[in-house]
Every structure is written in C-alpha cells, then in structure tokens.
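Enquirer: coords below, sequence missing:
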C-alpha cells in the first residue's frame, strides 16, 4: 500500500503535530521507564500522541492489532475515518468529517509549456 500520514497540529501551541497517524515507515521506540525493549517497539501502522508526562509515544488501537482490520485500514478512505474516531475529531453536528480523494489526479491542470524554458542550468 502507499504511505500516508494524518496529523493534527496547533502551531501556536506546539510546532510539531500533537496527534499523528503513520501508515508505514520505521518502528517507533517508546522511551518509557519500566517496560521492556520489546514492548517499547511499536511497528507501523501506529498513532502518535503525548502521554500525561508530555512524552511522545506511539501506540496501536485494537483495530490496528487485528490483522484483518489492519489490512482493511490500508485503504486511506477507511483509515481517515479511524483517525477521526481515534482523535475525536468531529463536526458541529457531531458527525465525523469526510474527505474525498480523487485518485489519479494532481489537483491542477498540466500545460504543454515547460516552466524551465529559457533557463540555463550550470
């Protein structure tokens, strides 16, 4: 599947995202006292949040721990719903937001003109 991330941030409060989902990538190591090295390693897909001590941790939901559910969440359209649910992101009428992704489009029109024409590269 393709790699994707969802992030919630409030730049005035903290520059880094305060809640994040990674569909793929490196294993995250939670640096928390009292747990073994094996328990501290969280493979993707996983969520990131800050715990009560202000330490960023990665974790998996029950759905991400279930192999069938996790496979289904490789679909970005299903996964965004899981992200909104886990982050408790809702609209005013208590519905979850909806994102529509148009596959195979770039969101802008391509022209035949080369934007680099008349530029000499050294």
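Expert: Looks like it came in fine. Since we're looking at a predicted model, the values are computed, not measured. Numbers count the residues shown, from 1 in each chain.
Enquirer: in the chain, which spans are strands?
Expert: With strands called from DSSP state E, the chain shows them at 5-10, 14-22, 28-29, 41-42, 46-50, 56-59.
Enquirer: The second one pairs with which strands, parallel or anti?
Expert: Same thing as strand 14-22. Next to strand 14-22 in the sheet, as set by DSSP bridges, lie strand 5-10 (antiparallel), strand 46-50 (antiparallel).
Enquirer: Relative to residue 119, which of those strands is closest?
Expert: Nearest to residue 119, of all the strands paired with strand 14-22, is strand 5-10, at 33.4 Å by Cβ to Cβ. For the C-beta atoms, the positions are set from N, CA and C on the backbone; glycine is no exception.
Enquirer: Give me the residues contacting the closest one.
Expert: Residues from elsewhere that reach strand 5-10 (Cβ atoms under 8 Å, 6 or more residues apart in numbering): 15-23, 79-80, 83, 87, 89.
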